[in-house]
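> Build me a structure from this.
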Amino acid sequence: MTNQTRCAWVSSDPLYIAYHDTEWGKPLHDEQKLFELLILEGFQSGLSWITILRKREDFREAFNQFDYQEIAQWKDEKLEECLKNPKIIRNRLKINAVKMNAQAFIKIQEKFGSFDRYIWEFVGFNPIQNHFFSHQELPSSTELSLAMSKSLKKHGFKFVGPTICYSFMQAAGLVNDHITECFCYQKN
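Coordinates of the predicted model:
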């Protein structure tokens, strides 16, 4: 698959290629994976996505495979343990937000039946198919990601600004932002 045309943001790093080819932009409905992506997008803020991908398995280990039920019950000692973990990004605000976001995630599930139902309602339960010809056309946020950000914050989430929400929408396949020449454009 290395000779295929891909989105311009993909480097030659095999990890990046695999992420682009098998995950990015594919509609995601698994609750735990949606939680993981939302958390990782928050950690990515101010960093490159490849940094997050390279630490992804370490994040999974540190955050109990993103088991939001368990994380929501964490004691302060567990958060402090994460702050001492050199394998992950040790930002106190972001680490503390993981527990708050797990609690907010559960509240959304209780209120809407599932986080999947809540989040996909923003796009009318169908992915938005964009038709961008170049990477430069991709927005960093939209009115929809702003609305999502406001709603998530209202429900108690942290590190969910409009840019993070748009990145999440791209990653979870709520929008298909593969450029038109990318081989993944039509597959999604």
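> those helices in the protein, which residues are they?
In the chain, the helices defined using DSSP state H lie at 14-22, 31-44, 49-62, 68-71, 76-83, 92-112, 115-120, 143-154, 162-171, 184-187.
> The first one vs helix 49-62, what angle?
Regarding helix 14-22 and helix 49-62, their directions subtend 90 degrees when assessed with axes from the mean of the first three to the mean of the last three CA atoms, to 10 degrees.
> and helix 14-22, which residues are buried?
Within helix 14-22, the residues scored as buried using 16 or more other CB atoms under 10 Å are 16, 17, 19, 20, 21. Glycine gets a C-beta too; all of them are placed from N, C-alpha and C.
> Over to stretch 73-84?
Buried-residue list, stretch 73-84, by 16+ other CB under 10 Å: 74, 78, 82.
> hey, C-alpha coordinates of it in CSV?
What follows is stretch 73-84, C-alpha atoms only, in CSV (Å, rounded to 0.1, in the frame of the first residue of the first chain):
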residue,chain,number,x,y,z
GLN,A,73,-13.4,6.0,40.1
TRP,A,74,-9.7,6.7,40.3
LYS,A,75,-8.2,8.1,43.5
ASP,A,76,-5.8,11.0,43.6
GLU,A,77,-2.9,8.5,44.1
LYS,A,78,-3.6,6.9,40.6
LEU,A,79,-3.5,10.4,39.0
GLU,A,80,-0.2,11.1,40.8
GLU,A,81,1.1,7.8,39.5
CYS,A,82,0.4,8.9,35.9
LEU,A,83,2.1,12.2,36.6
LYS,A,84,5.3,10.2,37.4
